[in-house]
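>>> 3D, please:
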Amino acid sequence: MADTISSTTARIPKRILPLIIISQFCCTSLWFAGNGVMDDLIQVYHLDASVLSFLTSSVQFGFIIGTFVFALFTIADRYSPSKVFMISAVLAAFFNLGLVRQGQTLTILLLLRFLTGFFLAGIYPVGMKIAADYYNTGLGKALGLLVGALVLGTAFPHLLSTVTQHLPWETVIYTTSLLSLFGGLIILFFVPNGPFRKRSTKIDLLALTKLFKNRAFKAAAYGYFGHMCELYAFWAFTPIMIKTYNNLHPEAHLNSALYSFLIIGIGSLGCIISGWLSTIKGLKPSAFFILLVSAICCLVSPLSFHLTSSLLFIIFMIIWGMFVVADSPLFSTLIAHNTASHAKGSALTIVNCIGYAITIVSIQTLGFLQTILTPTYVYIALAVGPILGLLALKNERTQV
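Down below sits the predicted model:
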C-alpha cells in the first residue's frame with residue numbers, strides 16, 4: 001500500500017502545486033481589498049472611521065456562513081473541487097467589483113463584502129482540499145506554501161494601494177477582481193481532481209458532529225481556534241498599530257500601507273519555514289512552539305509602542321507577523337491527517353467556519369477596547385486565543 005501511495009505521489013506533475021499556490025494568491029487578494037482602499041471608501045461614501053471593524057467583519061461573517069453551507073452540504077466532497085473553486089472565484093470577484101459603483105450606502109457595502117466572503121469559502125478551504133487530494137504525503141509542506149499564498153494574497157491590496165496611490169482608488173478593486181478570475185481559470189483548466197480524492201455520494205448531516213468525537217481531531221481544531229482568535233484581528237489592526245506608533249512618535253512617518261504589506265506578507269515566509277520545521281520536529285511540537293512565540297508577542301506588545309527606534313518597532317512587528325500565521329498550515333495538516341479521506345473537505349471547511357466566527361469576536365473586541373483603553377495596551381487581549389490553544393495541544397494527544 002505504501003509503495004502504491006509513493007508511486008502515485010511521484011507521478012503527480014510538478015506544476016500542480018505551483019498552480020494551486022498561484023491561484024490561491026490571486027483569489028485571496030479579494031479578502032482585504034476593502035481594507036486596502038479603506039481611507040478612500042470612508043471619504044467617497046462619507047463613512048465614519050469606525051467602519052473598519054464592521055467592513056472587515058462582514059467579509060469574515062460571509063466566509064463563516066459560506067463555510068457552514070459548504071460543509072453542511074459537503075459540497076467540496078460531493079462535487080469536483082476544481083469546479084467549485086472556479087465558480088466561487090468568479091462570484092467572489094463579481095461582488096468585490098461592486099465596491100466601485102458610486103453612491104452606495106453602508107448597508108450595501110457591508111452586503112457586498114459579506115457576499116465576497118461567502119464565496120471565499122469556496123476558495124481557501126477548497127484549495128486546501130485540492131492540495132490534500134494530490135499530496136497524501138508531504139502535506140505539511142504543501143499546505144505551508146498554500147497558506148503562504150493566502151498570506152501574500154491578503155497582504156497584496158496594501159501593496160497595491162501603495163503602488164497605485166497616484167491612480168484612482170478603484171484600480172485596487174479592478175486588479176483584485178481580475179486576479180480572482182485568473183486564479184479560478186487556472187484551477188479549472190490545469191488542475192483536475194487529485195488522485196487521492198474520494199468522492200462522497202450523499203449529504204451526511206451527522207458528519208460534522210462525528211468529527212469532534214475524534215480526540216486527535218478535536219485537539220488540532222481547538223489549537224487552530226486559539227490561533228484564529230489572534231490572526232485576523234492582528235491583520236485587520238496592523239495599519240492601526242502603525243498609525244498609533246506614528247502618533248506617539250511623529251518623527252517616524254511610517255508608511256502605513258507599505259509596512260502593513262511587509263508585516264502581513266512576511267507571514268508567507270513563516271508558513272514556508274514552519275512546513276520545513278514540521279518535517280524535523282513534527283507537526284504538533286512545531287505548532288506549539290510557534291503559538292507560544294505568538295502569545296509572547298501579544299503580551300509584550302505594549303512595550304513595542306514605546307521603542308524610540310522605528311526600525312526596532314518594525315522588526316518586532318515583522319517577527320510577530322511571521323509567527324502569527326506560521327502555525328496555520330500545521331493545524332490544517334493535523335486536521336487533515338486526523339480525518340477520513342471522504343470527509344477531509346468538510347472537515348477543513350467546518351473548522352474554517354468556526355475559526356472565522358471566532359475572528360469576528362476578536363476583531364469586534366479590539367474595536368471596543370480601542371474606545372476604553374489606552375491604544376498601546378489593547379493588543380494584550382489577543383493573547384487569550386494562543387494561550388487557550390496551547391492548553392488544548394498540551395492536554396490532548398494528536399497524531400503527527
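
>>> For the rest of this, base every contact and every neighbour count on C-alpha atoms.
Will do.

>>> In contact with L160, which residues are there?
Neighbouring residues of L160 by CA atoms under 8 Å, 6 or more residues apart in numbering: G36, V172.

>>> Now do it against M128, distance only.
26 Å (CA to CA, to the nearest Å).

>>> W169 too?
32 Å.

>>> more crowded one of these two?
M128 (28 against 20; other CA atoms under 10 Å).

>>> Which helix or which strand is home to the nearest residue to that one once chain neighbours are set aside?
Nearest residue to M128, sequence neighbours excluded (CA to CA, 6 or more residues apart in numbering): L143, at 6.8 Å. Per DSSP states H and E: L143 is located in helix 139-163.

>>> Figure out how far that helix is from the centre of its chain.
9 Å (CA atoms, centre = their mean, to the nearest Å).

>>> Point out the other helices and strands that the next helix-or-strand element following that helix packs with.
Going down the chain from helix 139-163, the next helix or strand is helix 170-190, by DSSP H and E. Packing contacts for helix 170-190, counted by 3 or more CA pairs under 8 Å, 6 or more residues apart in numbering; DSSP states H and E, involve helix 16-28, helix 33-36, helix 81-97, helix 139-163.

>>> so where's the stretch 151-300 of the chain uncertain?
Scanning the stretch 151-300 of the chain for pLDDT under 70 picks out the ranges 198-209.

>>> Show the residue spans covered by the helices in it.
170-190, 207-211, 215-248, 256-265, 267-281, 283-304 (DSSP state H, counting those that start in this stretch).

>>> Any idea which of those helices gets closest to A92?
Relative to A92, the nearest member of these by CA to CA is helix 170-190, separated by 7.7 Å.

>>> What residues sit buried inside the closest one?
Across helix 170-190, burial judged by 16 or more other CA atoms under 10 Å covers 170-188.

>>> now what about that helix, what contacts it?
16, 19-20, 22-30, 33-34, 36-37, 82-83, 85-90, 92-94, 96-97, 99-100, 157, 160-161, 164.

>>> The residues you listed, buried ones only, as a PyMOL selection?
Selecting just the buried residues from those in PyMOL takes one command, with 16+ other CA under 10 Å as the test:
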select buried, resi 16+19+20+22+23+24+25+26+27+28+29+30+33+34+36+37+82+83+85+86+87+88+89+90+92+93+94+96+97+99+100+157+160+161
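
>>> tell me the contacts of the nearest residue to L262 once chain neighbours are set aside?
Leaving out its chain neighbours, the residue that sits closest to L262 by CA to CA, 6+ apart is I318, at 7.2 Å. Neighbouring residues of I318 by CA under 8 Å, 6+ apart: L262, I263, I264, I266.

>>> OK, contacts around the second one?
For I263, the set of contacting residues under the criterion of CA under 8 Å, 6+ apart consists of T238, I314, M317, I318, W320, G321, M322.

>>> Among the residues you listed, name the ones in helices.
T238, I314, M317, I318, W320, G321, M322 (DSSP state H).

>>> Out of those, give me the one that has the most neighbours.
Result: G321 is most packed of the ones in helices among the contacts of I263 (other CA under 10 Å), 27 neighbours.

>>> Just confirm that one contacts F261, I think it does.
No: look at G321 against F261 with CA atoms under 8 Å: they stay out of range, at 10.1 Å.

>>> Quick check: the two most widely separated of the contacts of I263?
The span of the contacts of I263, defined through CA to CA, is set by T238 and M322 at 12.9 Å.

>>> For burial, what's the neighbour tally of the residue lying closest to A295 once chain neighbours are set aside?
Nearest in space to A295, with sequence neighbours left out and distances taken as CA to CA, 6+ apart, is A383 at 5.0 Å. A383 sits with 23 neighbouring residues when counted by other CA under 10 Å.
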